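J.: Starting from these lines, generate the structure:
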Amino acid sequence: MNSQKTKVHFTDNYLINPTNPIAVNLIGAGGTGSKVVTSLIEMNHSLIALGHAGLNVRLWDDDIITEANLGRQRFADSETGLYKSVALINRANRWSGTNWKAETIKFEKDSLERLPENAGASIFISCVDSVKARFEIADILKQLNNSRAYANRPRYWMDFGNSQHTGQVILSSIGTIKQPNSEQYETIANLPFVTEEFPELLKQSEIIDDTPSCSLAEALEKQDLYINSVLAQMGSSLLWGLFRNGLTQYRGFFLNLKDFRSQPIPVG
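T.: You can find the predicted model right below:
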């Protein structure tokens with residue numbers, strides 16, 4: 001009797017046994033990104049407690065904190081007028097003694113098609129609200145993948161996206177991740193880019209009115225209060241599993257918070 005093997009993706013070995021903290025580029029510090037920062041603080045502390053080298057996060061966002069951001073995003077009244085990335089990273093560093101960095105620019109190429117400085121990382125997490133930004137990130141990651149640097153060779157891209165009540169998190173490998181021989185599992189070495197696999201989904205999830213909200217009430221018409229928090233927690237749990245378990249059967253999920261449904265996405 002033939003039994004079908006479970007499909008899994010084994011985590012890139014460098015992430016499991018790094019010599020230095022894992023470089024993470026977090027792109028976007030708004031509704032979802034500001035919550036992911038908190039999750040990464042918790043993850044870094046926990047990894048170090050388990051004997052791992054931890055994480056070294058660089059947060060990219062050129063937005064300034066406005067009154068409309070208070071309440072739904074993780075900012076205080078006293079931080080109004082500051083760069084989102086600077087406020088969050090300063091808070092993270094004071095809280096946990098890290099030396100994480102803030103970038104007050106967009107994660108994009110310049111007018112001469114040059115990659116942004118400090119673009120290299122092992123893990124990229126995007127919390128952006130436009131299709132254009134995602135395709136720009138995908139293009140940069142493909143270029144970075146041709147780099148010969150081992151430690152900061154790009155390995156994974158986790159993309160968060162949502163509309164008012166629904167959202168998704170998709171984990172992609174940047175290139176092929178070498179898999180061990182396994183008699184127990186069918187190993188999946190390549191997890192396709194979200195931009196290649198779900199281009200129509202990205203267009204649907206994009207907020208049509210991308211003009212800045214003038215108030216919290218207006219912002220809540222576009223994205224419900226807890227959609228970002230739930231996505232941040234569930235997506236971070238997927239990333240944590242890559243470190244903690246060394247493999248995953250799933251590469252993301254679809255979420256509908258209105259009727260509390262979540263649908264996992266298998267790796268193959």
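J.: Please count neighbours and contacts with C-alpha atoms only from this point.
T.: Will do.
J.: Could I get the full set of helices for the chain?
T.: Assignment of helices within the chain using DSSP state H yields the ranges 13-16, 33-49, 84-96, 131-144, 194-197, 199-205, 216-222, 227-245.
J.: Which one of those has the poorest average confidence?
T.: Ranked by mean pLDDT, the helices of the chain bottom out at helix 216-222, with a mean of 57.
J.: on that earlier part again, out of the helices of the chain, which gets nearest to K109?
T.: If you check each of the helices of the chain against K109 by C-alpha to C-alpha, helix 131-144 wins as the nearest, at 7.7 Å.
J.: which secondary structure elements does that closest one contact?
T.: Secondary structure elements in contact with helix 131-144, counted by 3 or more C-alpha pairs under 8 Å, 6 or more residues apart in numbering; DSSP states H and E, are helix 194-197.
J.: Now the helix it packs on: buried residues?
T.: Using 16 or more other C-alpha atoms under 10 Å as the burial criterion, the residues of helix 194-197 that qualify are 194-195.
J.: Can you list the neighbours in contact with that helix?
T.: 134-135, 138, 159, 170-172, 202 (C-alpha atoms under 8 Å, 6 or more residues apart in numbering).
J.: Can you add distance to Q263 and give the helices of the chain back as TSV?
T.: Converted to TSV, these look like this (distance: least, C-alpha to C-alpha, whole Å):
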stretch	distance to Q263
helix 13-16	27
helix 33-49	21
helix 84-96	31
helix 131-144	22
helix 194-197	16
helix 199-205	15
helix 216-222	23
helix 227-245	12
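J.: May I see the contacts of helix 194-197 organised as JSON lines, with distance to W95 and neighbour count added?
T.: JSON lines is the format used below for the contacts of helix 194-197 (distance: C-alpha to C-alpha, whole Å; neighbours: other C-alpha atoms under 10 Å):
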{"residue": "R134", "distance to W95": "31", "neighbour count": "20"}
{"residue": "F135", "distance to W95": "34", "neighbour count": "16"}
{"residue": "A138", "distance to W95": "32", "neighbour count": "18"}
{"residue": "D159", "distance to W95": "26", "neighbour count": "22"}
{"residue": "I170", "distance to W95": "29", "neighbour count": "24"}
{"residue": "L171", "distance to W95": "28", "neighbour count": "25"}
{"residue": "S172", "distance to W95": "30", "neighbour count": "22"}
{"residue": "L202", "distance to W95": "35", "neighbour count": "21"}
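J.: Nearest the middle, which residue of this protein would you pick?
T.: Note on the chain: the residue nearest the mean C-alpha position is I125, at 2.2 Å, using C-alpha atoms, centre = their mean.
J.: how close does that residue sit to P116?
T.: 16 Å (C-alpha to C-alpha, to the nearest Å).
J.: Next one, pLDDT for Q168 please.
T.: Per-residue confidence for Q168 comes out at a pLDDT of 94.
J.: That one pairs with what?
T.: Per DSSP bridges, the residues bridged to Q168 are G161, F254.
J.: what's the burial count for it?
T.: When neighbours are defined as other C-alpha atoms under 10 Å, Q168 has 24 of them.
J.: Can you name the residues that contact it?
T.: When contacts are counted by C-alpha under 8 Å, 6+ apart, Q168 touches 160-162, 231, 252-255.
J.: From those, list the buried ones, please.
T.: 160-162, 231, 252-255.
J.: And those, which two are furthest apart?
T.: Maximum pairwise distance among those (C-alpha to C-alpha): 13.4 Å, between N162 and G252.
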